[in-house]
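Chemist: Kindly generate the corresponding structure for this input.
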Amino acid sequence: MANAIRVLAMDGVEKAKSGHPGMPMGMADVATVLFSKFLKFDASRPDWADRDRFILSAGHGSMLIYALLHLTGYKAATKAELSNFRQWGSKTAGHPEYGHMPGVEVTTGPLGQGLAASVGFAMAERRLAAKYGEDLVDHRTWVIAGDGCLMEGVSQEAIALAGRYRLNKLTVLWDDNEITIDGKVSLSDAVDQKARFKAAGWAVKAVDGHDMKAIKSALQWATRQDKPTLIACRTKIGRGAATMEGSHKTHGAALGVAEIAATRLGLAWDHDPFEMPETILSAWRKVGRRGAKDRKKWEARLAASPQAADFTRAMKGDLPEGAFDALNAKMAELVETRPAQATRQSSGAALDELFAAIPELVGGSADLTGSNNTFVKGTPIFDAPTYEGRYVNWGIREFGMAAAMNGLALHGGVIPYGGTFMAFSDYSRPAIRLGALMGVRVIHVLTHDSIGLGEDGPTHQPVEHLAALRAIPNLLVFRPADTIEAMECWQVALQSKTAPSALALSRQKTPAVRTVASSLNLSAKGAYEIKAASGEAKVTLFGTGTELALALKAAETLEAEGTPARVVSVPCFELFERQDAAYQASVIGRGTVRVAVEAAIKQGWERFIGEDGAFVGMTGYGASAPAEVLYDKFGITAEAVVAAVKARL
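Modeler: Have a look, this model is predicted:
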């Protein structure tokens, strides 16, 4: 059965003339024991909610998971798909991609991120078990990771989190083959990985990764531990290859026709490429059906449960009925009272209204809770041994937090949000990008969004970050201008089931700009006219966040001087691009002088202001000083906006 994985890996990579056969061949024995003896799944129902999650963190070895899915009988993993490995239109992408192939739980490839996401999967299981009971939620998360995953820095953040929270249903199977692309691991690393995991609070065991009895014993041991487990599986990369077994040359290239022929001979495998002998395929298909009884018993328990409807809704990702009733009522009140406050406070006020109404919300902060305003008063903390809480203390681990939030969202039943300073979104960026690629609902609360944070200086003042985040496809980047817009942006983010969101929120106060009630969520359009001109407009001013108030003030000055000026709020570039051409044209206001103001770099604003428009913003880094001083010294003022307009009239 293990050799079936090996030959499929060889054949797929050879057919594509591209790929990584060494890891699947080396871990075939471990994977065979895991799938045939321990993994709880039903190949006929890839979406069974109480299935075990299998995560191939070492995603370059994607032929391992494709072979396993094909052998166990996943309908989508056909022989044709395997033979079309890495080709246009295939479900068998070069690295496993969530949403392309059933059975792939998370997109992996960027090393370490599968391991980090697995922490979120394990956290979600514990949180939902606490909420719904272990009759409905009782499964494990299994990870295959390689040396590259463990070398990447995010792995330390991930294992420290898992150890602290004693996630005992998480097991990492380390492909300890002592090989990287360049050669021996010892070329670049001498870390005692087993000691590192032990120091982080994990139970650790080493095993011969080609001794199936020893592997079975180790996996059984893992299921009995009260903490997360690492099993160091000593393997040979390219196991079974005729002359290349153990060589780093098997890592990332096809073995070649001659080597594959010799390997087939050595394995006594006398079958054409992608062909399986009936006895072996039958044995594997039996493995794929093994979980059907457990699945049916679980379905019976779900049907009998008084929580069935709520559990099903939550796992589908649907929001509860009336999810925004309290928020809408609060917005109606705030339009009248018009509070001047930082948008990070506005975000906190939104959470106050949403948290009780949407019990799937699980939030936290990278040790900046008081600054990010991510904590709702009275919320229990997520922690061992009960895991009943909904607030996570992530520690100073932005990358680990963002990756684990992807795992929380992918597991289902949880809508995660997490806060940090916007400048530190650089630390989170690889996970934010992967979340956008997968299309998962994760909300990144990014406060201290400009030089307006003041005295902490340019190390903490984001300048290029808005443009950098807006460059990520399928990421909704919101920069609300006041409390009403902040609440509208939260609503859109929660309704966006197929895209993550980033909320850019200010430290400094900003006046209320939305002073007229609306039955529509205006921010959902991405951009909208917030102030019309007194006559035929000669000027269109664009702004976001705290700078929208400057645009409105500049418009007042221009109007007083006889120049009709309209103002457009642009809370989300990405949503604006989704609107029809007629709406976009009406908002942009062609034929007018166009000026944008934002305390960030210009990149991206050309879409609104064109080649001849003006931009009032940043061209370099900030400085240490109070916010009002910085805005004046860097020329981000209403007067500067007026001057830019006059220079172009």
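
Chemist: my guess is residue 42 meets residue 295, correct?
Modeler: Yes: between residue 42 and residue 295 there is a contact at 4.5 Å, judged by CB atoms under 8 Å. C-beta coordinates here come from the backbone N, C-alpha and C atoms, glycine included.

Chemist: Common neighbours of these two, please.
Modeler: Common neighbours of residue 42 and residue 295 are listed as 48, 51 (criterion: CB atoms under 8 Å, 6 or more residues apart in numbering).

Chemist: Those two: who's more crowded?
Modeler: Legend: neighbour count by other CB atoms under 10 Å for residue 42 and residue 295, higher for residue 42 (21 against 18).

Chemist: The residue lying closest to residue 260 once chain neighbours are set aside: what's it in contact with?
Modeler: The shortest distance from residue 260 to any non-neighbouring residue, by CB to CB, 6 or more residues apart in numbering, is to residue 10 (5.2 Å). The neighbours of residue 10, taking CB under 8 Å, 6+ apart as the test, are 21, 25, 255, 260, 263.

Chemist: Swap in 7 Å and give it another go.
Modeler: By CB atoms under 7 Å, 6 or more residues apart in numbering, the contact list for residue 10 reads 21, 255, 260, 263.

Chemist: Just name whatever secondary elements whatever helix or strand the third one lives in is in contact with.
Modeler: Using DSSP states H and E, residue 260 sits in helix 257-266. Here helix 257-266 is seen to pack against helix 2-16 when contacts are counted using 3 or more CB pairs under 7 Å, 6 or more residues apart in numbering; DSSP states H and E.

Chemist: Can I get the helix it packs on in PDB, CA atoms only?
Modeler: Extracted in PDB, the C-alpha atoms of helix 2-16 (Å, rounded to 0.1, in the frame of the first residue of the first chain):
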ATOM      1  CA  ALA A   2       2.800   2.400   0.800                       C
ATOM      2  CA  ASN A   3       4.600   1.500  -2.500                       C
ATOM      3  CA  ALA A   4       1.400   2.600  -4.300                       C
ATOM      4  CA  ILE A   5       2.000   6.100  -3.000                       C
ATOM      5  CA  ARG A   6       5.600   6.000  -4.000                       C
ATOM      6  CA  VAL A   7       4.900   5.000  -7.600                       C
ATOM      7  CA  LEU A   8       2.100   7.500  -8.000                       C
ATOM      8  CA  ALA A   9       4.400  10.200  -6.700                       C
ATOM      9  CA  MET A  10       7.100   9.200  -9.200                       C
ATOM     10  CA  ASP A  11       4.700   8.900 -12.100                       C
ATOM     11  CA  GLY A  12       2.900  12.300 -11.400                       C
ATOM     12  CA  VAL A  13       6.200  14.200 -11.200                       C
ATOM     13  CA  GLU A  14       7.700  12.400 -14.200                       C
ATOM     14  CA  LYS A  15       4.600  13.100 -16.400                       C
ATOM     15  CA  ALA A  16       4.700  16.800 -15.400                       C
END
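
Chemist: now the angle between helix 257-266 and it, please.
Modeler: Counting by axes from the mean of the first three to the mean of the last three CA atoms, to 10 degrees, helix 2-16 lies at 170 degrees to helix 257-266.

Chemist: what element comes up after helix 2-16 heading to the C-terminus?
Modeler: Moving toward the C-terminus from helix 2-16, the next helix or strand (DSSP H and E) is helix 22-26.

Chemist: next one: that following helix to chain centre, how far?
Modeler: Distance, stretch centre to chain centre, for helix 22-26: 28 Å (CA atoms, centre = their mean, to the nearest Å).

Chemist: ok, now stretch 474-486?
Modeler: Chain-centre distance of stretch 474-486: 19 Å, with CA atoms, centre = their mean.

Chemist: List the contacts of that stretch.
Modeler: Contacts for stretch 474-486 (CB under 7 Å, 6+ apart): 331, 334-335, 339, 341, 343, 346-347, 349-350, 432, 436, 439, 449, 466, 469-470, 489, 493, 496, 499-504, 510, 512-514, 523, 544-545, 548, 569, 571-575.

Chemist: Would you list the buried entries among the residues you listed?
Modeler: 331, 334-335, 341, 343, 346-347, 349-350, 432, 436, 439, 449, 466, 469-470, 489, 493, 496, 499-504, 510, 512-514, 523, 544-545, 548, 569, 571-575 (16 or more other CB atoms under 10 Å).

Chemist: Keep only those of those that are in strands.
Modeler: Taking DSSP state E, the ones among the buried ones among the contacts of stretch 474-486 that sit in strands are 501, 502, 503, 504, 569.

Chemist: Which strands and helices lie in contact with the helix or strand hosting residue 551?
Modeler: Per DSSP H and E, residue 551 falls inside helix 548-560. The helices and strands touching helix 548-560, judged by 3+ CB pairs under 7 Å, 6+ apart, are strand 539-543, strand 565-569, helix 638-646.

Chemist: go again using 8 Å as the cut-off
Modeler: Identification of packing neighbours for helix 548-560 by 3 or more CB pairs under 8 Å, 6 or more residues apart in numbering; DSSP states H and E yields strand 528-531, strand 539-543, strand 565-569, strand 593-597, helix 638-646.

Chemist: quick one on the thing from earlier: mean confidence (pLDDT) on the helix holding residue 260, please.
Modeler: Per-residue pLDDT over helix 257-266 has a mean of 98.

Chemist: same thing with stretch 371-391?
Modeler: Computed over stretch 371-391, the average pLDDT equals 98.

Chemist: Go through it and flag the buried ones.
Modeler: Buried positions in stretch 371-391, judged by neighbour count with 16+ other CB under 10 Å: 371, 372, 373, 374, 375, 376, 379, 382, 383, 387, 390, 391.

Chemist: swap in stretch 454-466?
Modeler: Going by neighbour count (16+ other CB under 10 Å), the buried part of stretch 454-466 is 454, 460, 461, 462, 463, 465, 466.

Chemist: tell me which of these is nearest to residue 322?
Modeler: Comparing these against residue 322 with CB to CB picks out residue 466 as the nearest, at 33.6 Å.

Chemist: distance of the spatially most central residue of the chain from residue 466?
Modeler: Centroid-nearest residue in the chain, with CA atoms, centre = their mean: residue 435, separated by 2.9 Å. Residue 435 is 18 Å from residue 466, where distance means CB to CB, to the nearest Å.

Chemist: same thing with residue 151?
Modeler: 32 Å.

Chemist: swap in residue 290?
Modeler: Look at residue 290 and residue 466: by CB to CB, they are 50 Å apart.

Chemist: returning to what we had before: state the pLDDT value of the residue nearest to the centre of the chain.
Modeler: At residue 435, the model reports a pLDDT of 98.

Chemist: The residue lying closest to residue 210 once chain neighbours are set aside: neighbour count?
Modeler: Leaving aside its chain neighbours, residue 210 sits nearest to residue 29 (5.0 Å; criterion: CB to CB, 6+ apart). By other CB under 10 Å, 25 other residues sit near residue 29.

Chemist: Residue 29: what secondary structure?
Modeler: helix (DSSP: H, G, I helix; E, B strand; the rest coil).

Chemist: Help me confirm that it comes into contact with residue 207.
Modeler: No: if you go by CB under 8 Å, residue 29 and residue 207 don't touch, sitting 10.4 Å apart.
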